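Peer 1: Return a 3D structure for these sequence lines:
(chains A, B and C)
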Amino acid sequence: MSEPLLSIENVRLEFNTEQGTVHALRGVDLSVGKNEVVGLVGESGCGKTVLGLAVLGLNPMPPARLLDGSQILFQGRNLAELTPHELALVRGTGISMIFQEPATSLNPVFTIGDQISESIRLRIQRQRNEDKSTPSSSEIDEQVYEALRLVRIADPERIARRYPHELSGGMKQRAMIAMAMAAKPSLLIADEPTTALDVTIQAQILRLMRDLMNEVKTSILFITHDLGVIAEIADRVAVMYAGHIVEEAPVGQLFAEPLHPYTQGLLASLPRLSDLDREIKQLPGSVPDAINPPSGCSFHPRCEFAREECRTESPKLKELKAGHKVACYLY
Amino acid sequence: MSLFDKTELRLTGVYLLRNKLSLAGGAIVAAYLALTVVVTLTGKFLLPYDPYVQNFAQTLLPPNSAHFFGTDDLGRDIFSRVIAGAPIEAQIAFVVVLISLAFGGSLGAFAGYLGGMAEELLMRITDVFLSFPALVLAMAVAIAIGPGLTNSMMALLVVWWPWYARIARGEALAIKNSQYMEAAHAAGLRDVQIVVRHVLPNILMPLLVYATLDISNVILTGSILSFIGLGAQPPQPEWGRMVFDGQDYLSGAWWMSVLPALAIFVVVLAFSLFGDGLRDAFDPKLRRR
Amino acid sequence: MSSQTLLSVKNLVKHYRVGTVSFLGRRFGHKQKMVHSLDGVSFNVARDETLGVVGESGCGKTTLARTMLLLTPPTSGSITFEDKEITKLPKQELRKLRSRMQIVFQDPVSSLDPRMRVRDIVAEPLVGVGEKDRAQIREKVRAMLERVGLSQDALNRFPHQFSGGQRQRIGIARALVCEPQFLVLDEPTSALDASIQAQVLNLLRRLERDLRLSSVFISHNINVVCYMSDRIAVMYAGEIVEMGPTREILGKSSHPYTTTLFASVPKVDPSHRRADTEIIGEQPSPVNPPSGCRFHPRCPFVMEKCKSVRPEQTVVNSNHWAACHLLTK
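Peer 2: Presented below is the predicted three-dimensional model:
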């Protein structure tokens, strides 16, 4: 396999809160290659959003703290060690991010066109940094329209003049994707981008993202709690639980043959239209406390296969078959 | 049904303790209140001099070791008078604030929750009151009903309750559409029951915090009423009144006015600082430190 | 299963005002804008059955939940509960009825009063019905907590000490403490993680069976609604477009919206990636819904008639109908 685009190695991140230290990420290894969609799936509190934000240094740095040894390698540099200024240069151009609520990511007092042109202007300026000349406004406008066309908006000139509140949820999400893609990043981090959308609109957006990936050759790190969406869009999937990645596999493999008890439990707990008679199995207990996680394997209190070793030490991610890794003492 | 919960109280306490200025204020408030209680219970017993006894041999003495704050034009020891007057301020403040809170707060809570005509009516009535500066209106009422400490308290009451009604109404509006309110409705509770069980407990905290800050305002306004002659009447050792009495002697025996004024200043500032700290400690957004 | 109808809703309409047109405004011809949340909804719920209501944002399902229980008065239409018309009941009477028709809310955080202890929260419907006997209340609350799988030391705690799933259980306990016949569930698991959702869904299934409840299960999550319901009603723009037994509709839906809705649901199976049965456009404006059939601007089978004439309920099978002109050709 060729050199990965993004390589996350041993990332550990903590938050200081009034109740104690939250161990949000406890040694995460993950990579995203060129031209692929990596799905990061987990329930609330597992750390998936924190991981997405950590790549671009978007977690507020107090109270968050990236521990030593954490490496986030992108284009030959360790993002964890960059200065805020250098990191700002990577954002939007090398790596872009889109979020769940387009309403809060879009500035309500600027038109869509203005917001997209902002990132385009920055990129052009950076590319011409010896020149320091400002790009012409018609140049920028053209690129704004191109970005809007990219997200299948039929009349970009009209939409560019609109304000966010004038657009529907689906349109806002497209606008946000346009903003993120305007600078042609190599990697798009998408944090629950379709969770707040109706299912029919979600279908449109997922299709759009797949098409974009093929057209523009941008890789996607797709973060979500929805296994159905993962099945639709991801090439490879990583399952997170309590700050660890517990299983990683190509998408077909993961669904056909889930290895980790948590993954199995998660899949079994979902009602499926194809099999309504099957009684859904529930996982006992609840998501662990991030301040005081269970000893050893964080999943052991809920695991029906828990053994002595599971209580004492956290299992490491081990590759079992081609591309299929799992962190569990059963194997 | 409980209004307080241990963890929240503990966290509030923690934040309060971190705010040095507010703690200083709190210490002074505590000392002041303790003084009030002591004086109320023991009367003239512990005072160095009787605050009412006149002594023409000792008039207008500057502060010295016998008379810490000097004496006034009638030979009375100012220090004793200031101490004796302490409960008066506290009395006015607490009576006015507590009654305004209870009356205004309940009215506002009901109006906010019920909406419609009731709310409109309350809003228009409070609009009338709130369009006047509190002091001016209090003065007008005090003049109408005559001077005297009790009368000035009533004047203040009339003027003060609308603020609490407004705040209570705002807070009630904020929680009116919460799902637990809908749940109470779905459970078959009557409107009155809903306001008492759910609205009042949930708006109590913000109201209490406002009330603490407000105490300093009431003390100040009350003293001003006395200062212009409408409040306490001689020989009551009310501080505002004492400032008034010493006006003519400002160039000579400044201690007659300045020291009681200083007492007002210190107490008002203390309540203000403490109230500020309390408000900040309660505000979840400000806690992120 | 007895076929006796417990709740019957006919032509329920609920319109909300958008802003208020002033007196002067009306002189200038400004019309009062209304949100057409519900525009003539009719259905029955039988004893012992669960009717699922599924639809996307703006379809009116939340308004339906509130209006069905008269938590908000309908603009017009009739609601019959236990063979009695309840829309015009005086407040007193309606309050007494509440113990028999309850609701479970969506948000585990805001559906419980943060300043009340669990024992008082769960006891509330008993207070509402006028139960004065403290011992009785205590007993019923304890029994209910046990039924929903919470330990007795939950009684004295506050909501924030519990997780989302536990809070929903408290909400369920509250809804059931009065032993209602009828339960409305408004997105009861939408705010919960998948693994917790399964626990709560299983709990609900068990309770519905044990307590012989009739319920209406409302959700935007199609998988969940179909799993929990015997029959489903598909809503679009304030109307029900199709209603019938769950399996039957899943097998072959009759309304084009139903078809595209089900086709849009991501399947938990990567080998069956969706074909391009995608729907175009967005939800219609509830203030200005399209004329005729509300789905016509987005319908792949739209005909001339659809743009002006509102389709009638056409019987597809016993207990299964859809409102589409395609069926009356």
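
Peer 1: So which residues of the chain form strands?
Peer 2: Reading this off chain A. A:6-17, A:20-32, A:37-41, A:64-66, A:71-74, A:77-78, A:95-98, A:187-191, A:219-224, A:236-241, A:244-250, A:318-321, A:324-326 (DSSP state E).

Peer 1: that's the wrong chain, I wanted chain C
Peer 2: C:5-17, C:34-46, C:50-54, C:76-81, C:84-85, C:101-104, C:182-186, C:214-219, C:231-236, C:239-245, C:314-317, C:320-322.

Peer 1: who wins for proximity to chain B among those strands?
Peer 2: Among the strands of chain C, strand C:101-104 comes nearest to chain B, with 5.1 Å by Cβ to the nearest Cβ. C-beta here means a position set from N, CA and C on the backbone, and glycine is covered the same way.

Peer 1: which secondary structure elements does that closest one contact?
Peer 2: Where contact means 3 or more Cβ pairs under 8 Å, 6 or more residues apart in numbering or on different chains; DSSP states H and E, strand C:101-104 is packed against helix B:179-186, helix C:164-176, strand C:182-186.

Peer 1: what sits up against that strand?
Peer 2: B:182-183, B:186-187, C:7, C:65, C:69, C:71, C:81, C:125, C:168, C:171-172, C:175-176, C:178, C:180-186, C:188 (Cβ atoms under 8 Å, 6 or more residues apart in numbering or on different chains).

Peer 1: The residue of the stretch 151-300 of chain A at minimum distance from chain B: what's its closest spatial neighbour, skipping adjacent residues?
Peer 2: Going by Cβ to the nearest Cβ, chain B is nearest to A:Ile291 of the stretch 151-300 of chain A, at 14.1 Å. Excluding the flanking residues, the one nearest A:Ile291 by Cβ to Cβ, 6 or more residues apart in numbering or on different chains is A:Gly20, at 4.2 Å.

Peer 1: what's the burial count for the residue in the stretch 51-200 of chain B that chain A sits nearest to?
Peer 2: For the stretch 51-200 of chain B and chain A, the shortest gap (Cβ to the nearest Cβ) falls at B:Gln179, measuring 19.2 Å. Applying other Cβ atoms under 10 Å in any protein chain shown, we find 20 residues neighbouring B:Gln179.

Peer 1: Is chain A within reach of the longest helix along chain C?
Peer 2: Longest helix of chain C, by residue count under DSSP state H: helix C:194-210. Yes. Counting by Cβ under 8 Å from any Cβ of the partner chain, contacts between helix C:194-210 and chain A involve C:Ala194, C:Ser195, C:Ile196, C:Gln197, C:Ala198, C:Gln199, C:Leu201, C:Asn202.

Peer 1: about what we covered before: how much space separates the residue of the stretch 151-300 of chain A closest to chain B from chain C?
Peer 2: As judged by Cβ to the nearest Cβ, to the nearest Å, A:Ile291 and chain C stand 14 Å apart.

Peer 1: Equivalent analysis for A:Ile98, please.
Peer 2: 18 Å.

Peer 1: ok so, going back, hmm, which of the contacts of strand C:101-104 are the buried ones?
Peer 2: In those, burial by neighbour count holds for B:182-183, B:186-187, C:7, C:65, C:69, C:81, C:125, C:168, C:171-172, C:175-176, C:178, C:180-186, C:188, counting by 16 or more other Cβ atoms under 10 Å in any protein chain shown.

Peer 1: Spatially nearest residue to the closest residue to chain C within the stretch 101-250 of chain A, not counting backbone neighbours?
Peer 2: Here the stretch 101-250 of chain A gets closest to chain C at one residue, A:Gly228, 3.3 Å apart by Cβ to the nearest Cβ. In this structure, A:Gly228 finds its nearest non-sequential neighbour in C:Pro266, 3.3 Å apart by Cβ to Cβ, 6+ apart.

Peer 1: From what I see, that neighbour and A:Thr224 are in contact.
Peer 2: No. Counting by Cβ atoms under 8 Å, C:Pro266 sits too far from A:Thr224 to count as a contact (10.1 Å).

Peer 1: Enumerate the residues of the stretch 101-250 of chain B near chain C.
Peer 2: Counting by Cβ under 8 Å from any Cβ, the stretch 101-250 of chain B sits next to chain C at B:178-180, B:182-190, B:193, B:197-198, B:201-202.

Peer 1: So stretch A:8-16, near chain B or not?
Peer 2: No. Contact of stretch A:8-16 with chain B is not found when judged by Cβ under 8 Å from any Cβ; the minimum separation is 10.3 Å.

Peer 1: thinking again about what came up before, and the residue of the stretch 51-200 of chain B closest to chain A, what is it in contact with?
Peer 2: C:Phe105, C:Gln106, C:Asp107, C:Ser110, C:Ser111.

Peer 1: Got phi/psi on the second one?
Peer 2: So that's C:Gln106. phi -80, psi -50 (degrees, to the nearest 10).

Peer 1: how many neighbours does it have?
Peer 2: 22.

Peer 1: Now render the strands of chain C as JSON lines, adding mean pLDDT.
Peer 2: Shown next, in JSON lines, are those (pLDDT from 0 to 100):
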{"stretch": "strand C:5-17", "mean pLDDT": "93"}
{"stretch": "strand C:34-46", "mean pLDDT": "93"}
{"stretch": "strand C:50-54", "mean pLDDT": "96"}
{"stretch": "strand C:76-81", "mean pLDDT": "94"}
{"stretch": "strand C:84-85", "mean pLDDT": "92"}
{"stretch": "strand C:101-104", "mean pLDDT": "96"}
{"stretch": "strand C:182-186", "mean pLDDT": "96"}
{"stretch": "strand C:214-219", "mean pLDDT": "96"}
{"stretch": "strand C:231-236", "mean pLDDT": "96"}
{"stretch": "strand C:239-245", "mean pLDDT": "95"}
{"stretch": "strand C:314-317", "mean pLDDT": "90"}
{"stretch": "strand C:320-322", "mean pLDDT": "94"}
